[in-house]
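> what's the 3D shape of this:
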Amino acid sequence: MKKNERQILFSYIRAHGGAALYIAGAAAVFAAVFVLSGLPAMPVLYAAVLCAAGGVFCALPGYIRYRRRCRALALAMQALPESAERLRAPSGAVEELYDEALRRLCAMLAKSETDRQRQLVESADYFTMWIHQIKTPIAAMQLILREQDDARSRELLAELFRIDRYAEMALTYARLESPTTDLVLARFEIEPIVRRVVRQYAGQFVRRHIALRCEIEPVRALTDEKWLAFILGQLLSNAVKYTENGTVTVRVTKELVLSVSDTGIGIAPEDLPRIFEKGFTGYNGRAGRKSTGLGMYLSRCAAEKLGHRIAVQSAPGRGTTVSVDLRSADLGVE
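The predicted structure follows:
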């Protein structure tokens, strides 16, 4: 007998234990009277056996109904908050009260979940609108500073670029946490996406004295252009942040693998298993690099939504390579 069947049986026995004890006590009284009266004990034994068999026979339908109700309740509990509609009709005043209490609880849970989802959508909408609005003055300041080509303006432009990237990261976080994601899969040429993102970081490469190499095969992959650009932007941002006077190489192979390699400080072995965790900054992030701990986490989340696989290889002092395998999203869609 399965464990849950034994539990149901024992709970049924406990629920009707009082009646069973009463019947057993009554049988003991009859047996005592027969024995004290000098009557034969065998008829008493026969009567007790027959009564016990009859009791089991009479209790069997009740146990079957009890077991069915327990199973229905267990299934209903797994389907909360819709479970109230799956319960069997109550068979008594007490069960009616329990049934009414459960239905009210399910209604409260359903309303609470609806309110929570609505608040999430409203919060995400407001957050998205605010970020879009803040990007407008950032773009205006960038235009003003580009007209003043001096060292101070270039420094301010670099800081504005960082602010813009943080705003983009916050926008992506809001979209990922939203119940709905504007994911549009299509077969895109990868090279134009890569070159567009690389151009955005051109000033950062110059400022950090970083040589850029692009080795891009003319391939197409099933992906989302905007989300893939975000992932690549995060990888380039990390490469620039942790590399100075070095080289960053962007590759796209015929096997549909996009990778960003740098000759920077690398990642400690103990940090590698955790770099995709939300909020994890690692040794490099804590050593004055002002890491948010969200870039790689958001990149992994975006890659998972696209069906891509992302992996990291690194060693301290030897640089880092982050690869995004686009083949997992190649579903044969023309």
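> When you work out contacts or count neighbours from here on, use the C-alpha atoms and nothing else.
Will do.
> Met42: neighbouring residues, count only.
10 (other C-alpha atoms under 10 Å).
> so what's it up against?
With contacts taken as C-alpha atoms under 8 Å, 6 or more residues apart in numbering, Met42 has no neighbouring residues.
> Tell me how far it lies from Ala52.
15 Å (C-alpha to C-alpha, to the nearest Å).
> before we move on, what about Arg152?
98 Å.
> If you count surrounding residues, which of those two has more?
Per other C-alpha under 10 Å, whichever of Arg152 and Ala52 has more neighbours is Ala52, with 16 against 11.
> to the chain's geometric centre, what's the distance from the host helix or strand of that one?
If you go by DSSP states H and E, Ala52 is part of helix 42-78. The chain centroid and the centroid of helix 42-78 are separated by 45 Å under C-alpha atoms, centre = their mean, to the nearest Å.
> Which strands or helices does the helix or strand that that helix is followed by pack on?
Per DSSP H and E, the first helix or strand lying C-terminal to helix 42-78 is helix 93-146. Secondary-structure packing of helix 93-146 (3 or more C-alpha pairs under 8 Å, 6 or more residues apart in numbering; DSSP states H and E): helix 151-177.
> so what does the helix it packs on touch, helix or strand wise?
Contact here means 3+ C-alpha pairs under 8 Å, 6+ apart; on that basis helix 151-177 packs against helix 93-146, helix 295-306.
> give me that answer again for 10 Å
Under the contact criterion of 3 or more C-alpha pairs under 10 Å, 6 or more residues apart in numbering; DSSP states H and E, helix 151-177 touches helix 93-146, helix 202-207, helix 225-241, helix 295-306.
> Please name the residues that touch the nearest residue to Leu212 once chain neighbours are set aside.
Of all residues not flanking Leu212 in the chain, Val248 sits nearest, at 5.1 Å (C-alpha to C-alpha, 6 or more residues apart in numbering). Residues near Val248 by C-alpha atoms under 10 Å, 6 or more residues apart in numbering: 205, 210-214, 236, 239-240, 260-264, 319-321.
> Beta-bridge partners for Val248, please?
Leu212, Asp262 (DSSP bridges).
> Model confidence score at it, please.
Val248 carries a pLDDT value of 96.
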